[in-house]
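> Give me coordinates for this.
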Amino acid sequence: MDSASPELPTVSYPMIAEGPMTVAQAATLKKVAQAAYALDAFKPNLTRPEADKRIAMLTAKLKLLDGPPHTL
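Coordinates of the predicted model:
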């Protein structure tokens, strides 16, 4: 590259992992949010990592609710 070439601007693109949640994540999140009676957990503009966290949290909640009742 010779010194007469113009300098290209550096453009920062967000990582794919930080992009918006996938269609599959949206469908799963909506399904588990409804099952866990936590409809406010679904937001259409979540990132992929945030959607994964909410899906995991709601799945864990459903597993706890599905277990036998605890006695004292």
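> contact partners of the strand or helix carrying Ala26?
For Ala26, the element it lies in under DSSP states H and E is helix 23-35. For helix 23-35, the external contacting residues (Cβ atoms under 8 Å, 6 or more residues apart in numbering) are 21, 39-42, 44, 46, 48, 51-52, 54-55, 58-59, 62. The C-beta positions use only the backbone N, C-alpha and C, and glycine is treated the same way.
> excluding its backbone neighbours, what's nearest the residue nearest the centre of the chain?
Nearest to the mean C-alpha position of the chain, by Cα atoms, centre = their mean, lies Ala51 at 1.4 Å. Leaving aside its chain neighbours, Ala51 sits nearest to Met21 (3.7 Å; criterion: Cβ to Cβ, 6 or more residues apart in numbering).
> tell me the contacts of the residue nearest to the centre of the chain?
Contact partners of Ala51, counting by Cβ under 8 Å, 6+ apart, are Met21, Thr22, Gln25, Ala26, Leu29.
> So which of those residues is the closest to Asp66?
Nearest to Asp66 among the contacts of Ala51 is Leu29, at 18.5 Å by Cβ to Cβ.
> any low-confidence regions in the chain?
Across the chain, the ranges flagged by pLDDT under 70 are 1-17, 70-72.
> Specify the helix with the largest residue count in it.
Longest helix of the chain, by residue count under DSSP state H: helix 48-66.
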